[in-house]
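> Whatever this is, show me its structure:
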Amino acid sequence: MTSQALPAGTTLLLRGGRVLTPDADWHDPPQADVAVAGDRIAGVAPGYQLAEAGGVEVIDARDHLVLPGFVNAHYHSHDVLAKGTLEEVPLETCGSTRCRRNIRRARARRSTPAPCSAPSNACARA
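Have a look, this model is predicted:
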């Protein structure tokens, strides 16, 4: 690894991890250091010098994958963002086969079928 000066304000250094960035080889991410200043990524480089790095917390990231910029690599944000927006929409408005199958299954689990808004002669409860 080549050494570079540690970015100013660095408070945390992730040392020697496999750093996966958008432009990296995702099958073989390069080994690098990630410098963090407060709550920001200060830099990513093949190696940083620690000669005058007083007060910097160093974490040995060798044999670990480092994902700079990810707060949580597994988060269902679409679920959170959409929460509460579709509760009032009846399932019947969806015309897909999958939705109709789910409606039939939900109704089958109940002791009393859900009320049908269609005319009585057109109602086909499952």
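> pLDDT-wise, which helix or strand of this protein ranks last?
helix 77-82 (a mean of 62; mean pLDDT, DSSP states H and E).
> In contact with E57, which residues?
Contact partners of E57, counting by C-beta atoms under 8 Å, 6 or more residues apart in numbering, are 11-13. Bear in mind the C-beta positions are built from the backbone N, C-alpha and C, glycine included.
> what's the pLDDT at it?
Reading off the per-residue confidence, E57 sits at a pLDDT of 93.
> Poorly predicted segments of the protein, please.
Residues of the chain meeting the criterion pLDDT under 70: 1-2, 52-53, 71-100, 102-103, 110-126.
> can you give me the strands for it?
If you assign secondary structure with DSSP state E, the strands in the chain sit at 12-19, 31-37, 40-45, 57-60, 65-66.
> Looking at those strands, which one is packed in the most?
Each of the strands of the chain was assessed for mean neighbour count using mean count of other C-beta atoms under 10 Å. The highest is strand 31-37, with a mean of 22.
> which secondary structure elements does it contact?
For strand 31-37, the packing partners by 3 or more C-beta pairs under 8 Å, 6 or more residues apart in numbering; DSSP states H and E come out as strand 12-19, strand 40-45.
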